[in-house]
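Enquirer: Provided below are the primary sequence and the corresponding predicted coordinates.
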Amino acid sequence: MKELLRTTDLTLLAFATALLRGEDIDCFPVDVHMSVLEGSIGILPRRILVRREDHFRARAILIDNGVQLED
């Protein structure tokens, strides 16, 4: 598994997940239950992981749809 996206923006996570699943790329949102620790204020980032073999294609799909990714 390789990290594709890390953000505190829940709408971006939903958008990225929908894009990837629409292209039949399995993605795994992690850290989604961190709100228990942070008190639901949204300061801890959530991540999306993909398989190593899907990472290049998944990254290209998100970039093509205007998602800013870290290098």
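Expert: Thanks, I have it. None of the values given here were measured: they were computed from a predicted structure.
Enquirer: helix/strand/coil for the residue most central in space within the chain?
Expert: The chain has Ile48 as the residue nearest its centroid, 3.2 Å off, counting by CA atoms, centre = their mean. At Ile48 the chain is in strand, as set by DSSP: H, G, I helix; E, B strand; the rest coil.
Enquirer: My understanding was that it contacts Leu19; is that so?
Expert: No: using CB atoms under 8 Å, Ile48 makes no contact with Leu19, being 10.4 Å away. Using the backbone N, CA and C atoms, a C-beta is placed for each residue, glycine as well.
Enquirer: next SSE after the lengthiest helix in the chain?
Expert: Counting by DSSP state H, the longest helix found in the chain is helix 10-22. Scanning forward in sequence from helix 10-22 by DSSP states H and E, the next helix or strand is strand 27-30.
Enquirer: Where in the protein is the helix or strand with the lowest mean pLDDT?
Expert: Ranked by mean pLDDT, DSSP states H and E, the weakest helix or strand in the chain is helix 35-38, scoring a mean of 62.
Enquirer: in the longest helix of the chain, what's buried?
Expert: Neighbour-count burial for helix 10-22 flags 12-13, 16-17, 19-20 (criterion: 16 or more other CB atoms under 10 Å).
Enquirer: Leu49 is in contact with Arg6, correct?
Expert: No: Arg6 is not in contact with Leu49 according to CB under 8 Å; the separation is 10.1 Å.
Enquirer: Please say which of these two ends up with more neighbours.
Expert: Leu49 (17 against 14; other CB atoms under 10 Å).
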